[in-house]
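Engineer: next one to model:
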Amino acid sequence: MFQIQNREMVTNTNQMEINVAHRPNPVSSSLENIVPACPPGLCINKGDFLKQDFSVDKFFIEVGVREGGAGLDVLRDDLGIYLKVLRSSMIELINQDYADFVNLSTNLVGLDQGIDRIREPLEGFKKEIEMANGDIKTSLESVKAKLARQETIRRDKERLSSLQMVATTLSKVERMVGTEQTTDTAERIATDVNQLHFAVWKMKDAALIKQMLPRLNAVCDSLNSWLDLTTLKGVRERDIPTLSRCCRIYATIDRIAAVETLVKEEVVKPQVESCMVEAEKMDSSRLGEMFNNLLRIIPEHLAELVKLTTDEKKTVEGSVNGFDFLVNSFWPVVAEKIQNDLQHISSPGNPDEFFKNHQISMKFLDDFEMNLTSEESVSMLRNQESYTSFLQSWNLPVYFQIRFQEIAKSYELLLATTELVRSESTDCKLKVTEEAKNAITKCFSLEIFLQPLAHRFFKLSLQIISRYQVWALMCLKLFKDGPEVSQDMKRSETTKDFQKLEINKKKSMKKSASDQHLSELDKPTPVLSISLADLVLIFCDLEHLISAAPGLIMSGLASVLPETGGLDLSQAATAGVTALSAVLPQLSDAISAHIVTGPAKMVKSVVDIPRMYRRTNREVPSKPCTYVTTIVDELKTFLTSQEKSCSLAVVSSWLGNSCDSILGLYLVQVQDVLSNVTKMEESLKKLKKVRERGGAAAGKDKAAGLSDDDKIRLQLYLDVMFLVREIGSDEMGGLERVVRGENGVKIKQVVEQAVGGFISDIIV
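Structural biologist: Below you'll find the model as predicted:
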């Protein structure tokens, strides 16, 4: 029973809340004022039922989780109390508005009769308005028809007037053409002809116009013939006033292209043909003279026309705009003749001749463009197909490939040789380094470099450096592994454009297949062998190339390419040299490691010292052993043999690293020997305690009183001190840093401690 009442109460409240949620906001606001609040002390409040998303399940959950949540019995009682409050509030609300409800039904009495009385006059007004609209529409259509007829009549009158004007003007022009023409009459004829053309264009479908067209064409032909003859006469006689008026007439009748063609065929073409006689036999020695003759055509035959038509500031009297005789008359004839008669000058078969021809031709283009007075003319020239064809006729990629082989061939030959050739220059030790510098210099030679190929020659200079780096690394590998593992040099990514150059081009008699195979088997394959001296020379040349290459590249670029378009190419050159610098530490390590190889084997002779003195009755040692003096002699020999090839600082650096490694190996051997000696000495002491006699007589030197073990220690002391002293001497380049290093200090301490108990007696 409780659940049914409770569910009914909540459902009614939920339905009321849904109805309220669909009302406008003002109604929702007034609803909050109308709904009464819950009495105090209940577990519910008015806001629980006025939420937009109210639901019964959510209501039960919220009431249950509140602080001091109420049970179902309490909730049933509170809902019953609030229901009573809502009912009483609803009754009071109805009582307040009861009078309005009653008056509403009373005010609607007699409303239908009033509507019927108004309907009849309104329908009459509607019919009258429709009739008025029909009369207005009929009158408007009549007016539009009359206006259209009037417009037709006006157009017909205008056409008739134009036809009369055409007939009259054409007759007048025919009479003027029949008389002797002057520039004044020609200007008037041109003006009338221009008007006639406009009128004919407007009435092109009229029968009278079709009849008059042959007469108009005859007048135009007569005018054009007179203009062409007068213009040519003015050009030959350099009559500026006549040329000015003729150009103005051409512009009036829109025949600018026709006069440009006239000048091209009648003035420019004969002069160009006279300048290019025997063009098929033209070479670089006569090409420049021919181009100069072509340029002289402009001041000698076109100067007046160019001056009249390029005067943008109006400083020349009678100047006319809209003409471009240089671009549209002069250049097409010259370009056509060059393409037809001078194709051989752009053939890259002879690169030296090609270079000269290209330079002369580009200078001709630059000189010709200097005659153009506006950027618009220059742009029109460069956009012409003939201009593009002229530039494309120069096979620059093939020229670069030929120069590429010329520059790289001798360089590649030296890189692929089986022995290192010494250089006779003072800067480089090896011929290959000298050739690398020469190759870089050739890339920017004034007799080879072409500006359109600037990017390719710059790339080639960087490839030359990269190629040297690959070769140096190959030499390093051969030095480490020996010639038996050498293979063809692997090209780096940056040198992949280097082509295989044909080294042996001499023809010989063709052998049979068996003979060829036998000769290949019998003939030993030469292999490059790298010695220590060769590696030192490579190191020195590598240092020189690193310092010289950026200057060679940038100075060469500056001499042939003053403007780089804002690009900082020095960074690219520096980056290429930086990659080359990474080889130097590898070469230094290999040289130092090779210096250590011999002494490292000799140091192992330390283990033979105990056998020299134990139970041999040898005298007390007073000089170092032979293996130590041999080590010192080898180090000095390397210093004296290489100090002329490299700087003393570099050789001292190699010796310092090598000596430090030698001292480290020597320290290990000395410590092992001294440890064994100490163990042997302790064993002998134990035996002495067991025996009654004998040990001292066998182990002591009667003359010096030193035991065999002390002699061994003393010999090690003499060897170590001699080696350390020689390393730090001036003859070894002053390697004090090695002596004061960790290995040098430690090995001295070890031997000094070993002889500390008896060395003072011997010195005294």
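Engineer: mind checking pLDDT for Cys540?
Structural biologist: Turning to Cys540, the model gives it a pLDDT of 91.
Engineer: where does it fall, secondary structure wise?
Structural biologist: helix 532-560 (DSSP states H and E).
Engineer: pull out the buried residues from that helix.
Structural biologist: By neighbour count on 16 or more other Cβ atoms under 10 Å, the buried set for helix 532-560 is 532, 534-546, 548-550, 552-553, 556-557, 560. All C-beta spots, glycine's among them, are computed from the backbone N, C-alpha and C.
Engineer: over to stretch 46-60?
Structural biologist: Neighbour-count burial for stretch 46-60 [16+ other Cβ under 10 Å]: Asp48, Phe49, Leu50, Phe54, Phe59.
Engineer: could you check how far the second one is from Pro39?
Structural biologist: Looking back up the chat, that one is Phe49. 15 Å (Cβ to Cβ, to the nearest Å).
Engineer: and if you look at the third one?
Structural biologist: Applying Cβ to Cβ, the value for Leu50 to Pro39 is 17 Å.
Engineer: report the secondary structure state of the residue minimising distance to the centre of the chain.
Structural biologist: For the chain, the residue whose C-alpha lies nearest the mean C-alpha position (Cα atoms, centre = their mean) is Leu567; its distance is 11.2 Å. Three-state call for Leu567 (DSSP: H, G, I helix; E, B strand; the rest coil): coil.
Engineer: which residues touch it?
Structural biologist: By Cβ atoms under 8 Å, 6 or more residues apart in numbering, the contact set of Leu567 is empty.
Engineer: in terms of pLDDT, where does it sit?
Structural biologist: With respect to pLDDT, Leu567 has a value of 72.
Engineer: now it: how far from Phe457?
Structural biologist: Counting by Cβ to Cβ - Leu567 and Phe457 are separated by 15 Å.
Engineer: and the pLDDT for Ser466?
Structural biologist: 92.
Engineer: shouldn't Val267 be in contact with His301?
Structural biologist: Yes - at 5.7 Å, Val267 and His301 qualify as touching, with contact defined as Cβ atoms under 8 Å.
Engineer: what sits in contact with each of the two?
Structural biologist: With Cβ under 8 Å, 6+ apart as the test, Val267 and His301 both reach Val235.
Engineer: assign Ser622 to helix, strand or coil.
Structural biologist: Applying three-state DSSP: Ser622 is coil.
Engineer: contacts only, for it.
Structural biologist: Contacts of Ser622 (Cβ under 8 Å, 6+ apart): Leu718.
Engineer: for Ser88, see how far away it is.
Structural biologist: Taking Cβ to Cβ, one finds Ser622 at 134 Å from Ser88.
Engineer: go on, Leu262?
Structural biologist: Taking Cβ to Cβ, one finds Leu262 at 114 Å from Ser88.
Engineer: buried sites along stretch 210-219?
Structural biologist: Quick answer for stretch 210-219 (16+ other Cβ under 10 Å): Met212, Leu216, Val219.
Engineer: how about CSV for the residues you listed, with secondary structure and distance to Leu227 added?
Structural biologist: Listed next are the buried residues of stretch 210-219 as CSV, based on DSSP: H, G, I helix; E, B strand; the rest coil; distance: Cβ to Cβ, whole Å:
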residue, secondary structure, distance to Leu227
Met212, helix, 22
Leu216, helix, 16
Val219, helix, 12
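Engineer: from the residues you listed, which is closest to Tyr98?
Structural biologist: Met212 (100.7 Å; Cβ to Cβ).
Engineer: my guess is that closest one contacts Ala167. True?
Structural biologist: Yes - assessed by Cβ under 8 Å, Met212 is found in contact with Ala167 at 7.1 Å.
Engineer: give the next helix or strand downstream of the lengthiest helix in the chain.
Structural biologist: Taking DSSP state H as the criterion, the chain has its longest helix at helix 111-178. The helix or strand immediately downstream of helix 111-178 is helix 183-202, counting by DSSP H and E.
Engineer: could you give the average pLDDT over that next one?
Structural biologist: When pLDDT is averaged along helix 183-202, the result is 75.
Engineer: helices or strands next to that helix in the packing?
Structural biologist: helix 111-178, helix 207-237, helix 240-252 (3 or more Cβ pairs under 8 Å, 6 or more residues apart in numbering; DSSP states H and E).
Engineer: quick one, which of these is packed in tightest?
Structural biologist: helix 240-252 (a mean of 21; mean count of other Cβ atoms under 10 Å).
Engineer: what sits up against that one?
Structural biologist: 183, 186-187, 190-191, 194, 227, 230-231, 233-235, 256, 258-259, 304-305, 307-309, 317-320, 322-323.
Engineer: same question for stretch 33-44.
Structural biologist: By Cβ under 8 Å, 6+ apart, the list of residues contacting stretch 33-44 reads 45-46, 49-50, 63, 66, 69-70, 74-75, 78-79, 81-82, 85-86, 89, 93.
Engineer: for stretch 298-311, same thing?
Structural biologist: With Cβ under 8 Å, 6+ apart, stretch 298-311 has contacts from 234-235, 238-240, 243-244, 247, 263, 267-268, 271, 316, 318-326, 329-330, 371, 373-374, 377.
Engineer: and for stretch 391-408?
Structural biologist: Residues contacting stretch 391-408 (Cβ under 8 Å, 6+ apart): 339, 343, 346-348, 351, 354-355, 358, 361, 439, 442-443, 448, 450, 452-453, 456-457, 460, 464, 498-499, 501.
Engineer: switch the cut-off to 6 Å
Structural biologist: Here stretch 391-408 makes contact (Cβ atoms under 6 Å, 6 or more residues apart in numbering) with Ser346, Pro348, Pro351, Phe354, His358, Ala439, Lys442, Ile448, Pro452, Leu453, Arg456.
Engineer: now stretch 626-639
Structural biologist: Gly598, Pro599, Met602, Ser605, Val651, Asp719, Phe722, Leu723, Glu726.
Engineer: again, but for stretch 278-292
Structural biologist: Asp341, Leu342, Glu353, Lys356, Asn357, Ile360, Phe364.
Engineer: burial check on the third one, number of neighbours?
Structural biologist: Spelled out, that is Glu353. 17 (other Cβ atoms under 10 Å).
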